[in-house]
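> Provided below for reference: sequence and predicted model.
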Amino acid sequence: MKPDFAKGDGLLPAIVQDSRTRQVLMLGYMNEEALRRTREEKRVTFYSRSKKRLWTKGETSGNVLLLDDILLDCDGDALLIRATPTGPVCHNGSDTCWNESNAARDDFLHELQEIIRDRRDNPQEGSYTASLFRKGMGEMARKVGEEATECIVEALSGDRTRFGEEAADLLFHFLVLLRGMEFELDELLGILRRRHTRVSK
């Protein structure tokens, strides 16, 4: 699907989200040229409706938004921009345009998810994680099965130390498989929450 700029008279709303914390930072608008420049320069650029021109976030303050990903919604008329801010986003000096804190989650699983994404998107020689993506879905799935079996063996043996090591291996390879399926950890948590809600009723 391509962005449908005709719906908004040439402009699409662009929601900016911090790639690491998932906090919503701001809302801007993009025309085709702003979107093209954002993709090419890897710095988020908008179209200013008041100034009638393109503007790159941080061109005055220096607090730019470094592009990580662009997602298009199901109707093709809204953008989700995932980016890494280099400073406060709001012109008033706050982390977000809603005056909210953009503190990092105290959640290593989400941090590890982003590390795995980076190993896939920016593979480096000698990276074990990158090698799994190179070998493909079959190898990623096989490793999950292998680690699950080893986890079961250690659980039955009663060795807590070995069980912990194998459980950590299983969780890591499961996160790799999730990324291979383009599945976010938060999506999985959402399924669990919905199930819990149904059971609790």
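Received, thanks.

> give me the contacts around stretch 72-81.
By Cβ atoms under 8 Å, 6 or more residues apart in numbering, the list of residues contacting stretch 72-81 from outside reads 1-4, 7-8, 12-17, 30, 35, 38, 44, 65, 67, 69-71. All C-beta spots, glycine's among them, are computed from the backbone N, C-alpha and C.

> next step: the residues you listed restricted to strands.
12, 13, 14, 15, 16, 17, 30, 65, 67, 69, 70, 71 (DSSP state E).

> quick check: the gap between the third one and residue 34.
Distance of residue 14 to residue 34, given as Cβ to Cβ, to the nearest Å: 8 Å.

> low-confidence regions, the protein specifically.
104-106, 197-201 (pLDDT under 70).

> quick one, strands of it?
12-18, 24-30, 45-48, 53-56, 65-72, 79-85.

> residue 126 is nearest to which of the ones you listed?
Closest to residue 126 of these, according to Cβ to Cβ: strand 65-72, at 23.7 Å.

> for the residue in the chain sticking out farthest from the centre, which non-adjacent residue is spatially closest?
Most distant residue from the mean C-alpha position of the chain: residue 157, 38.0 Å away (Cα atoms, centre = their mean). Among residues not flanking residue 157 along the chain, residue 163 sits closest, at 7.7 Å (Cβ to Cβ, 6 or more residues apart in numbering).

> and the nearest residue to residue 133 once chain neighbours are set aside, how far from residue 52?
Once flanking residues are discounted, residue 133 sits nearest to residue 120: 4.7 Å by Cβ to Cβ, 6+ apart. As judged by Cβ to Cβ, residue 120 and residue 52 stand 40 Å apart.

> circling back: pretty sure the residue nearest to residue 133 sits against residue 177.
No - Residue 120 is beyond contact range of residue 177, at 11.8 Å (criterion: Cβ atoms under 8 Å).

> OK, contacts around the residue nearest to residue 133?
129, 130, 133, 179.

> thinking again about what came up before, select only the buried ones of the contacts of stretch 72-81 in PyMOL?
Buried residues among the contacts of stretch 72-81 (16 or more other Cβ atoms under 10 Å), as a PyMOL selection:
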select buried, resi 3+12+14+15+16+17+30+35+38+44+65+67+70
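
> ok, back up a step: between residue 14 and residue 34, what contacts are shared?
With Cβ under 8 Å, 6+ apart as the test, residue 14 and residue 34 both reach residue 46.

> just to check, residue 32 is in contact with residue 5?
Yes - assessed by Cβ under 8 Å, residue 32 is found in contact with residue 5 at 5.8 Å.

> comparing these two, which shows the higher neighbour count?
Shown here are residue 32 and residue 5; by other Cβ atoms under 10 Å, residue 5 has more neighbours (16 against 13).

> per-domain residue ranges of the protein.
5-85, 108-200 (automatic domain parsing).

> tabulate these (a markdown table), appending distance to residue 93.
A markdown table is the format used below for the domains of the chain (distance: least, Cβ to Cβ, whole Å):
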| stretch | distance to residue 93 |
| --- | --- |
| domain 5-85 | 9 |
| domain 108-200 | 26 |
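
> residue 94 is nearest to which of those domains?
Nearest of the domains of the chain (Cβ to Cβ): domain 5-85, 10.1 Å.
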